[in-house]
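> I'll drop the sequence and a predicted model, then ask my questions.
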Amino acid sequence: MTVTAWTTSPEHRAWLRTERLRLLDFGRHAALPGGGAGWLDVEGRPDLDRGIETWITARTVHTYSLGALLGVPGARDVARGALAGLFGPQAPLRDREHGGWFARVARDGTVQDGDKQCYQHAFVVLAASTAVAAGLDGATELFDEATTTFLERFWDDAAGMCVDAYDRTFAELDPYRGVNGNMHAVEAMLAAGDLTGDVAWRDRALRVARRVVTEARAHDWRIPEHYDATWTADLDLNRQRPDDPFKPYGATVGHGFEWSRLLVHLEASTGAEDLLTAARALFARAAADGWAVDGREGFVYTTDWTGAPVVRDRMHWVPAEATAAAAVLHARTGDEDYARSYATWWDHVATAFVDTERGSWHHQLDATNTPTDTVWPGKPDLYHAVQATLLPVAPLSPGLAVAVRDGLVPTRTDA
C-alpha cells in the first residue's frame, strides 16, 4: 500500500472509526446533572472544581451531536445533557438578564467569569448548528438565540471581523481584538451557512479569512493573532507569558494548519478562487516552523516572528489539526507530499499522544514527548481529536454536521 492510499484505504478508515468510538466512550460521563459539561480529568471524569465553562460545554454538544448523527449509542444523551447547560429556563451558563453566555459558572450556578467572549459564543453557534442537524430538543431555539446574539454583539460589519469580549452586561467592549475567536467564528459561520443555506454566513466567513490571509502574507505566512481596537497588530503581546492557552506570544503553529484547512473548506463552500495558494503557504510555513525542529518528533507550540521555537511543548490539538489539514489538501490537490505528512503525523499521534491505558489523548507533552500538564491539565474535551478522525473521510463541503446528516460521511468500517 502506498502512502497516498492512507487517506482512502478501508484499513485506515476502519482505524479512524475505531479511534473515534474509543474517544467518544472516554467522554461518556461529560454531561453534568443540571446541565452543561465538565472539564475531563485524565480518567474521563468531570473535574468539578473547575466549574462549568461555555467553551467546554459547547464543544461537547457539538462532538456528541456528531456522535448521535453517526449512530453511536449514548452520544445523544451526552449531547442533550450538555445542551441543557446552554439553553432552557435552568441553563446555568445562559445569562437571562443581559443575554449571551457566561464564560464560567461554579457547579452551584454562581457566576465565576461573567465576561461575554467571541471564542465562547462562536462555539455556541457551532454547537447549536450541529444539535439542530442532530434533531436535539431545544436546538432550534438555541440556534436562533445564539446567532442573533453573535450578529448583534460580536460581528463588526465595518471591519469584516469579530470583536473579542464584553463585560457581563455587554456595556463595555474590550479594546483587544483577536484572531483565535475569529478563526472559530469562521468555523461556526460555515456551519450556520450549511445548516440554513443563508449565503450571508459564508460571505462573512470569507471576509474574515481574507483579512487574516493578508496579515499572514505580510509576516511570511506566520499569523499575527493579537490586535488593538484599530486592528493594529501587537506582535509582543504576552512575551512574558508565552504559553498562555488562549493568547500565547508569537505565531501559533497549530493555527497555521487550522486556517489552512478552513481556507480549503471556504473555497469549496463559496467557490472563491483566491484561497488555495494561501492554504498551501500556511500549511508549508506551519510544517517548516513546527515539525521536529528541535531534534525530536512533534510540533512545537509557538515560534517567534523569525520561526525560532518559543514554547517547545507539544499540544494534542496541533497534530489533530495538522493531520486534518494534510487530509483536506491532499483531497483538494492530489499532491502526495500531503499524504506523506498525513501518515507521518498520525504515526506520531498514535505513538506519543494516544493514551491506550486510560483513554483519549494526552493533551500536552513536554519537549521530550513526555506527558505534562503545565498548560492543559487533564484531558479537557474531545473536539479536536474526534474531528481529526472525521475530517479525512468527509467532503470538503458541507461541514461535518450536515455532511454526516446527509449521508456524505462513510460510517462503515469497509467504506
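Looks like it came in fine. Numbering: from 1, shown residues only.
> Give the burial count for Asp347, as a bare number.
By other C-beta atoms under 10 Å, 11 other residues sit near Asp347. Using the backbone N, CA and C atoms, a C-beta is placed for each residue, glycine as well.
> what's next to the longest helix along the chain, contact-wise?
Longest helix in the chain by number of residues (criterion: DSSP state H): helix 199-218. Helix 199-218 is contacted from outside by 155, 160-162, 179, 182-183, 185-186, 189-190, 192-193, 222-224, 233, 256, 259, 262-263, 266, 269-270, 272, 274-275, 278, 281-282, using C-beta atoms under 8 Å, 6 or more residues apart in numbering.
> Can you tell me which helices and strands the helix or strand just after it packs against?
Next in sequence after helix 199-218, counting helices and strands by DSSP states H and E, comes strand 226-227. With contacts defined as 3 or more C-beta pairs under 8 Å, 6 or more residues apart in numbering; DSSP states H and E, strand 226-227 has these neighbours: strand 177-178.
> can you list the residues that contact whatever helix or strand Thr389 lives in?
Under the criterion DSSP H and E, the helix or strand holding Thr389 is helix 383-390. With contact meaning C-beta under 8 Å, 6+ apart, helix 383-390 is reached by 16-17, 19-20, 23-24, 59-60, 62-63, 66-67, 316-317, 319-321, 323-324, 349, 360-361, 400, 404, 409.
> now swap in stretch 12-27 and tell me
5-6, 40, 44, 60, 63-64, 67, 70, 72, 75, 78, 354, 359-361, 379, 381-382, 385-386, 389-390, 392-393, 410-411, 413-415.
> returning to that earlier point: if you average pLDDT over the longest helix of the chain, what comes out?
For helix 199-218, mean pLDDT is 98.
> again with stretch 16-33
According to the model, stretch 16-33 has a mean pLDDT of 98.
> What residues sit buried inside it?
16-17, 19-24, 26-28, 30-32 (16 or more other C-beta atoms under 10 Å).
> From the residues you listed, pick the one nearest Glu336.
Looking at these and their distance to Glu336, the nearest is Leu16, at 19.6 Å (C-beta to C-beta).
> Would you mind listing the buried residues in the longest helix of the chain?
Those would be 201-202, 204-213, 215-216, for helix 199-218 by 16+ other C-beta under 10 Å.
> Can I get that helix in CSV, CA atoms only?
Only the C-alpha atoms of helix 199-218 are listed here, as CSV (Å, rounded to 0.1, in the frame of the first residue of the first chain):
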residue,chain,number,x,y,z
VAL,A,199,-25.0,32.7,1.9
ALA,A,200,-24.5,35.7,4.2
TRP,A,201,-22.9,33.5,6.7
ARG,A,202,-20.3,32.3,4.2
ASP,A,203,-19.7,35.8,2.9
ARG,A,204,-18.9,36.9,6.5
ALA,A,205,-16.5,34.0,6.9
LEU,A,206,-14.8,34.8,3.7
ARG,A,207,-14.3,38.4,4.7
VAL,A,208,-12.6,37.3,8.0
ALA,A,209,-10.4,34.8,6.2
ARG,A,210,-9.2,37.2,3.6
ARG,A,211,-8.2,39.7,6.2
VAL,A,212,-6.3,37.0,8.1
VAL,A,213,-4.6,35.9,4.9
THR,A,214,-3.5,39.5,4.2
GLU,A,215,-1.9,39.8,7.6
ALA,A,216,-0.2,36.3,7.3
ARG,A,217,1.2,37.1,3.9
ALA,A,218,2.8,40.2,5.3
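> Switch the buried residues of stretch 16-33 over to CSV; also include distance to Thr344.
Formatted as CSV, the buried residues of stretch 16-33 follow (distance: C-beta to C-beta, whole Å):
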residue, distance to Thr344
Leu16, 16
Arg17, 21
Glu19, 17
Arg20, 21
Leu21, 24
Arg22, 22
Leu23, 21
Leu24, 26
Phe26, 25
Gly27, 27
Arg28, 31
Ala30, 31
Ala31, 36
Leu32, 38
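> Give me the subset of these that lies in helices.
Leu16, Arg17, Glu19, Arg20, Leu21, Arg22, Leu23, Leu24, Phe26.
> will you turn the buried residues of helix 199-218 into TSV that also has distance to Thr169?
Shown next, in TSV, are those (distance: C-beta to C-beta, whole Å):
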residue	distance to Thr169
Trp201	27
Arg202	32
Arg204	25
Ala205	28
Leu206	32
Arg207	28
Val208	26
Ala209	31
Arg210	33
Arg211	29
Val212	30
Val213	35
Glu215	31
Ala216	35
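> Which member of those residues is positioned nearest Ala84?
Among the buried residues of helix 199-218, and counting by C-beta to C-beta, the member closest to Ala84 is Trp201, at 26.0 Å.
> Can you tell me, leaving aside adjacent residues, what's nearest to the closest one?
What sits nearest to Trp201 in space, not counting adjacent residues and going by C-beta to C-beta, 6 or more residues apart in numbering, is Gly193, at 3.4 Å.
> Ser269 is in contact with the one you found, correct?
Yes - counting by C-beta atoms under 8 Å, Gly193 does reach Ser269; the two are 7.0 Å apart.
> Neighbour count for those two, which is higher?
Gly193 (24 against 21).
> can you tell me the helix or strand for the more buried one?
helix 179-196.
> Sort out which residues of that helix are buried, please.
Buried, per 16+ other C-beta under 10 Å, within helix 179-196: 179-195.
> Pull the distance from it to the chain's centre.
Distance of helix 179-196 from the chain centroid (C-alpha atoms, centre = their mean, to the nearest Å) equals 10 Å.
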